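In: the following block contains a protein sequence and its predicted model.
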Amino acid sequence: MRRFKIHQALTTIAAVSTSVTLVSCGGGSEQDSGALNAAGASFPAAIYQRWFQELAPEGVSVNYQSVGSGAGVRQFTAGTVDFGASDKPMKAEAIAEVSRGVVQIPMTAGAIAVAYNNLDCDLSLTQKQLAGIFLGQIKNYSELGCTDKAINVVHRSDGSGTTYNFTKHLEAISPEWKKDVGADKSVKWPTGVGAKGNEGVSAQLNQIDGGIGYLELAYVKGDLQAAALQNASDEQVKPTNATASEALGSIDLGPDLIGGNPNPEGGYPIVTFTWVLAYKAGNGGKTAALKKTFEFMLSDTAQSQAPELGYVSLPAEVVEKSLAAMQTISD
């Protein structure tokens, strides 16, 4: 049998789970193995796909569709997937629509970068400038201290937890944004063109000279650069594993593991955890495969890969709480 090392914090919940053992497909049972269908957030899609590829030889095949948090929640609520994924945790009224109950499990975390396609510019934005760009008030890079070039905003066209967390930050730093636009998985954008998924925004930005948009740090590729942003302590900070980890450390997840901080004082200011949505009951013969999947995602083996893929490894105390939440999933 093959064992995946779980964070040392797991030992403190031994009463909940005496061991975390993953059985390879060579010696695994039918109960451990199987095929799972999942859909949701594009924010963690890059790392989820990597994890699921590595899990496949262990006897569990996960088909994950990167459709955005909004579509993922809808499919999860409708019961058409085995689990969902969202960068915005479900609220009580949405949970009430799921008769099988909901377990929300933090699985990874990361920074939402403000990415731009302008190789002649090294952007460092104040909070007022950031809001001004997405309000459509700042229209040229010359207004930001760079050479003359039109700004072309790209935003998400689909319901998105990335949009929710980005607009929560804009709402926290700009009274005008809070009054006129607000924060949600979909908003009425004052300016710009839409693209689907983090993948789509990245591709669109790479095609538009002068493009600027928001996406998970892992998708800052090609000609794109990430701007430094002003945090609540007036520091200009670029998104890195270290600066995102510092900001995530200020978040109190609370007893339901759904907390956030839209304007942290330390570190890079736009960070979020991202959640797997599992059914608390009614999982039937897929319960073991679900737990095996989530155990792997929370293992040291998986979590240690986060920085190289543009994400942030979960703190040990969060892994402990996530593992305990996972154990509440039943047949």
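Out: Nice, thanks for sending it over.
In: from now on I want contacts and neighbour counts done on CA atoms only, so please keep to that.
Out: OK.
In: mean confidence score for the longest helix along the chain?
Out: With secondary structure taken from DSSP state H, the chain has its longest helix at helix 161-173. Helix 161-173 shows a mean pLDDT of 98.
In: buried residues in it?
Out: Residues of helix 161-173 classed as buried by neighbour count (16 or more other Cα atoms under 10 Å): 161-173.
In: is residue 133 in a helix, a strand, or coil?
Out: The three-state label for residue 133, taken from DSSP: H, G, I helix; E, B strand; the rest coil, comes out as helix.
In: for stretch 184-194, buried residues please.
Out: 184, 185, 186, 187, 189, 191, 192, 194.
In: ok so the last one is a strand residue?
Out: It stands for residue 194. Yes. If the criterion is three-state DSSP, then residue 194 is within a strand.
In: tell me how far the residue nearest to it when sequence neighbours are not counted lies from residue 180.
Out: On the basis of Cα to Cα, 6 or more residues apart in numbering, the spatially nearest residue to residue 194 that is not a chain neighbour turns out to be residue 157, at 4.4 Å. Distance, residue 157 to residue 180, using Cα to Cα, to the nearest Å: 19 Å.
In: neighbour count: these two, which is higher?
Out: For the pair residue 157 and residue 180, the greater number of neighbours falls to residue 157 (19 against 12), based on other Cα atoms under 10 Å.
In: moving C-terminal of the one helix or strand residue 277 maps to, what's the next helix or strand?
Out: Using DSSP states H and E, the secondary-structure element containing residue 277 is strand 271-279. Downstream of strand 271-279, the first helix or strand assigned by DSSP H and E is helix 287-297.
In: can you list the buried residues in the helix or strand that that following helix is followed by?
Out: Toward the C-terminal end, the helix or strand that comes next after helix 287-297 (DSSP H and E) is helix 300-303. Neighbour counts over helix 300-303 (16+ other Cα under 10 Å) mark 300, 302, 303 as buried.
In: quick one: distance of helix 300-303 to the chain centre.
Out: The chain centroid and the centroid of helix 300-303 are separated by 17 Å under Cα atoms, centre = their mean, to the nearest Å.
In: hang on, the earlier thing: and which of the buried residues of helix 300-303 is nearest residue 52?
Out: The shortest approach to residue 52 among the buried residues of helix 300-303 belongs to residue 302, at 10.0 Å (Cα to Cα).
In: surely the closest one is in contact with residue 295?
Out: No. Residue 302 sits out of contact with residue 295 when judged by Cα atoms under 8 Å, with a separation of 9.5 Å.
In: residue 242: which of the buried residues of helix 300-303 is nearest?
Out: Nearest to residue 242 among these is residue 303, at 15.1 Å by Cα to Cα.
In: and that closest one, how close does it get to residue 240?
Out: Remark: distance between residue 303 and residue 240 (Cα to Cα) = 16 Å.
In: need the contact partners of the strand holding residue 277.
Out: Residues outside strand 271-279 that contact it (Cα atoms under 8 Å, 6 or more residues apart in numbering): 43-44, 76, 82-89, 100-112, 165, 244, 247-248, 260-262, 329.
In: can you tell me the element residue 266 falls in?
Out: Using DSSP H and E, residue 266 maps to neither a helix nor a strand.
In: now it, nearest residue through space, not along the chain?
Out: Leaving aside its sequence neighbours, residue 266 sits nearest to residue 247 (Cα to Cα, 6+ apart; 5.5 Å).
In: how many neighbours does that neighbour have?
Out: A count of nearby residues for residue 247, using other Cα under 10 Å, gives 23.
In: secondary structure element for it, which one?
Out: The secondary structure element spanning residue 247 is helix 241-248 (assigned by DSSP H and E).
In: which other helices and strands does that helix contact?
Out: For helix 241-248, the elements it packs on are strand 102-116, strand 271-279, judged by 3 or more Cα pairs under 8 Å, 6 or more residues apart in numbering; DSSP states H and E.
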